[in-house]
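Novice: turn this into a structure:
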Amino acid sequence: MPDELAGFSSEIPSKPEMAHVLFTDVVGYSRLPSDEQPGLLRQLRQAVRNSSEYNRAHNSQTLISLPTGDGMALVFFDSDVCAPVRAAVEISNALRESNGVPVRIGLHTGLVYRVPDINGAENVSGAGINFAQRVMDCGDAGHILMSQVHASFLCEFEALRPHLHDLGEAEVKHGVQLHLVNYFDGKTGQSSRPSKLAGTAKTVSSATGKADKASCAGVKLVLIYKRNVELDGRLLASLEEELTKRGCEVFIDRHLHVGLNWAREIEQAIRNADAIIPLLSPAAVGSEMLAFELEIADAASQEQSGRPRILPVRVNWEGPLPANLTTMLDPIQYTLWRGPEDTANVVAELASGLAKPSTETVRVSRALEPPGGAMPLDSRYYVERPTDAEFHAAIKRRDSIVLIEGARQMGKTSLLSRGLQRARKNGVKVTCTDFQKLNAGDLTSLESFFITLGTALANQLDLEKFPEDVWRPKSGPNQNFESYLRREVLANTRDGLIWALDEVDRLFTCPFGSEVFGLFRSWHNARALDPESPWHVLSMVICYATEAHLFITDLNQSPFNVGTRVRLQDFDRTEVSRLNQLYGDPLPAKDFESFANLLGGQPYLVRRALYEMVERHQTFEVLARIAPTEEGPFADHLKRFLVLLSRNEAALEFLRALLTNRPASDSKLFYRLRAAGLLKGETPASATFRCDLYARYLQTHLT
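Specialist: This is a model prediction of the structure:
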């Protein structure tokens, strides 16, 4: 996801965390003589401290240990779900081999909060630790009990599965129902049923059978959907009800009032979730906000080792996905809901998917043309602008560097694809690298980045040698990549090569971005100094949105002040009129000026508005009234800005100043907000909102 407001940041509030909890106490402690109690607690503490699991987690700072008066709690924050049961076995064996301190142990996986105690020391609270204590309270001396939630994770390990014995459900304090599992391996633990459960437990499916009703308990889910779609809403309610019954923590944004707090909470919920379940109906896949939420989830998943996972549900539809969703969702198996009769199966499939990733064959989709994203080459709704001719002329001249600059949704990629296609028809070799498709791992270092670029070039040009085949460890990444490009790519390209780089904004905030751009600039200089060099056959097309000078201090070492610059502008009145004709003239002449003021010629908004008027037989009067509301066709587009802005108070203050006619002079913020598509103007002093729609919407939420 391109960071339109690069460099912005926000403070993340404290949040719940998933933890694996071991709770233990000395059985009958309160009935013992007071002079015996300290000695038993010392033995228990010593057994815990001698545990290898305790020391491992303590040394890695992933453990909080808490005294509880007659025992203690160990809260493991690492990803090793087996750590508590291994610690329980070690502690039980150590105490049995000493003087037989009578302890019982309870294990649970759930949400906890890190909180300071009265002395400022680190403490833990929350349902996760309370539940572990209730599990422990059900045991007798020697028992190692666990919640079925915790057991469902351990069932994935073949060595542990035979030692997990289902006890069924039991009602404990305050009417709480616990599904308990007993650990006994023939030596450690107790084989007998706890006395507190005698006659109270209700046997259900075994722990090793992964009971359906609890297979996803404790998992944090976010359901994302398109509002005001009846079929989606019915499924949403059913999934919320059924998954909540199974113990999942389900987050849905419908209960929140749209505003800055909403925007922050949406993003935080997605990033903190274990899984995201998007409901994909024909209406939803065209939703810009749903696509943006998926982008947040996809980016977080790359940054957080696969968390959250994305589990798509198709809603009575199996059509091709729009282009902006294809990259994210095509590699993922989906489940299909055709109607209420499929709800149980869909819930079961989701629960199974949450327990273990699916290995079934991926279903492949092909892209359609949505009212957003890059437009197909044969789209009848593409409107040429003067910049089209400028770009095609630069490509025909084979300029060394061609820069395509414009805010988000201005049509950069659509223009790029048309220029490249024309070059292909003229017999020129063309490659395209979309930086948006690079994984987080590709950007960890300069070497990994260049190897990724070189591999992409080799694949697109069907080269025999890849970067790893000729990479020299003693040479630097710049030298290695330049050598590979010169010897393996350009040396085999007599008729020239056009290399397009889309969404290069991702490099602006990378620590090695300046080195990359400096290398690009050096090739331009080399081509000018020696027309017979291999660089003479290379033309680079660079697409970006954010002002380069905000991030590159020495522009003499960058490609952004040389070559041919093509800067995309909003549609003018003639271009809006042309697009209106292509849609069948849904906009009457009397409303033309009001339409232009409302949307300002922003290409996506204009297309979306005309599409809605045709598709829904809607008048401009109705469109204008609902445009800045949650019921309007631009709701997802507008909420996306709200999410971005919620990350930084300085940007919010800049916009509030504009809304209240106060001076706003921060030039960096102005350029970033202009690159994001919110503002227009050449300087902060001349800054205005790009269109009335943005001003009206933000006036509601920011003032």
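
Novice: ok, Phe391 to Phe560 distance?
Specialist: 17 Å (CB to CB, to the nearest Å). In short, each C-beta sits where N, CA and C put it, glycine included.

Novice: what about the helices in the stretch 501-650 of the chain?
Specialist: Listed in chain order, the helices of the stretch 501-650 of the chain (DSSP state H, counting those that start in this stretch) span 513-529, 573-582, 592-599, 603-615, 620-626, 635-645, 649-659.

Novice: which among those is found nearest to Cys248?
Specialist: Cys248 sits nearest to helix 635-645 of all these, at 24.1 Å, using CB to CB.

Novice: now the closest one, how far from the centre of its chain.
Specialist: Relative to its chain's centre, helix 635-645 lies at 16 Å (CA atoms, centre = their mean, to the nearest Å).

Novice: how about the contacts made by the residue minimising distance to the centre of the chain?
Specialist: Centroid-nearest residue in the chain, with CA atoms, centre = their mean: Ala297, separated by 1.9 Å. With contact set as CB atoms under 8 Å, 6 or more residues apart in numbering, Ala297 has these partners: Val222, Ile270, Ala273, Ile276, Pro308, Ile310.

Novice: number of nearby residues for the third one?
Specialist: Neighbourhood size, Ala273 [other CB atoms under 10 Å]: 23.

Novice: now for the least confident helix or strand in the chain by mean pLDDT, which elements pack on it?
Specialist: Among the helices and strands of the chain, helix 323-329 carries the lowest confidence by mean pLDDT, DSSP states H and E, at a mean of 75. Packed against helix 323-329 by the contact rule (3 or more CB pairs under 8 Å, 6 or more residues apart in numbering; DSSP states H and E) you find helix 288-303.

Novice: which parts of the helix it packs on are buried?
Specialist: Buried positions in helix 288-303, judged by neighbour count with 16 or more other CB atoms under 10 Å: 288-301.

Novice: also stretch 381-400?
Specialist: Buried positions in stretch 381-400, judged by neighbour count with 16+ other CB under 10 Å: 382-383, 385, 387-388, 390-392, 394-395, 398-400.

Novice: and which of the residues you listed is nearest Pro603?
Specialist: Using CB to CB, the buried residues of stretch 381-400 come closest to Pro603 at Val383, 8.1 Å.

Novice: the closest one reaches Asn580, doesn't it?
Specialist: No - here Val383 does not reach Asn580: they are 10.2 Å apart, not a contact under CB atoms under 8 Å.

Novice: what comes into contact with stretch 578-598?
Specialist: With contact meaning CB under 8 Å, 6+ apart, stretch 578-598 is reached by 380-381, 383, 571, 573, 576-577, 606-607, 609-611, 613-614, 620-621, 624, 627, 691-693.

Novice: my error: substitute stretch 610-623 in the last question.
Specialist: By CB under 8 Å, 6+ apart, stretch 610-623 touches 371, 579-580, 583-584, 586-588, 591, 594-595, 609, 632-633.

Novice: give me the distance between the two termini of that stretch.
Specialist: The first residue of stretch 610-623 is 10 Å away from its last residue (CA to CA, to the nearest Å).

Novice: which parts of that stretch are buried?
Specialist: Leu610, Tyr611, Glu612, Met613, Phe620, Leu623.

Novice: what's the longest strand in this protein?
Specialist: strand 103-116 (DSSP state E).

Novice: and Leu63, bridged to which residues?
Specialist: In this entry, Leu63 is beta-bridged to Phe76, by DSSP bridges.

Novice: show me what contacts it?
Specialist: Listed by CB under 8 Å, 6+ apart, the contact set of Leu63 reads Tyr54, Ala57, Leu74, Val75, Phe76, Phe77, Asp78.

Novice: and what about the third one, helix, strand or coil?
Specialist: Pointing back at Leu74 there. Secondary structure, DSSP: H, G, I helix; E, B strand; the rest coil: Leu74 is strand.

Novice: need the contact list for it.
Specialist: Leu74 sits next to Val21, Leu22, Val48, Tyr54, Ala57, Leu63, Ile64, Ser65, Pro84, Ala87 when contact means CB under 8 Å, 6+ apart.

Novice: do the same with Ser147
Specialist: Ser147 makes contact with Leu107, His108, Thr109, Gly110, Phe131, Ala132, Val135, Leu178, His179, Leu180, Val181, according to CB under 8 Å, 6+ apart.

Novice: how about 7 Å then?
Specialist: By CB atoms under 7 Å, 6 or more residues apart in numbering, the contact set of Ser147 is His108, Phe131, Val135, Leu178, His179, Leu180.

Novice: and those residues, which of them are in strands?
Specialist: The members of those that map onto strands under DSSP E are His108, Leu178, His179, Leu180.

Novice: how near is the closest residue to Thr68 other than its chain neighbours to Glu293?
Specialist: Leaving out its chain neighbours, the residue that sits closest to Thr68 by CB to CB, 6 or more residues apart in numbering is Asp25, at 6.6 Å. Distance, Asp25 to Glu293, using CB to CB: 44 Å.

Novice: now swap in Arg271 and tell me
Specialist: Distance from Arg271 to Glu293, by CB to CB: 11 Å.

Novice: where do the helices sit along the stretch 101-250 of the chain?
Specialist: Secondary structure of the stretch 101-250 of the chain, counting by DSSP H, counting those that start in this stretch: helices at 127-137, 148-154, 230-245.
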